[in-house]
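Student: only geometry, no sequence info:
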């Protein structure tokens, strides 16, 4: 469990490097989730 938790926390930290997610520019939930998906894809490529 600790190993999995470390991976999740590391990825959240990497996502917060993008200013758009740290400040949550997207007001609508749907838009925010779609931008989050795009950022996750970019991180995993």
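Tutor: Great, that's in hand. All values derive from a computational prediction rather than experimental measurement. Residues are numbered from 1 along each chain as shown.
Student: and the residue nearest the centre of the chain, how far is that from residue 40?
Tutor: The chain has residue 15 as the residue nearest its centroid, 3.8 Å off, counting by CA atoms, centre = their mean. As for residue 15, its distance to residue 40 is 7 Å (criterion: CB to CB, to the nearest Å). Yep, even glycine has a C-beta here, placed from its N, CA and C like the rest.
Student: repeat for residue 34
Tutor: Distance from residue 34 to residue 40, by CB to CB: 11 Å.
Student: How about residue 14?
Tutor: From residue 14 over to residue 40 (counting by CB to CB), the distance is 9 Å.
Student: Which secondary structure state is assigned to residue 25?
Tutor: coil (DSSP: H, G, I helix; E, B strand; the rest coil).
Student: show me the residues around residue 26 that make contact.
Tutor: 20, 32, 35 (CB atoms under 8 Å, 6 or more residues apart in numbering).
Student: Which among these count as buried?
Tutor: Burial by neighbour count, judged by 16 or more other CB atoms under 10 Å, picks out residue 35 from these.
Student: can you put the contacts of residue 26 in TSV and add pLDDT and secondary structure?
Tutor: Converted to TSV, those look like this (pLDDT from 0 to 100; DSSP: H, G, I helix; E, B strand; the rest coil):
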residue	pLDDT	secondary structure
20	70	helix
32	79	helix
35	81	helix
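Student: Please convert the contacts of residue 26 to CSV, extending it with distance to residue 9.
Tutor: What follows is the contacts of residue 26, written out as CSV (distance: CB to CB, whole Å):
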residue, distance to residue 9
20, 20
32, 20
35, 20
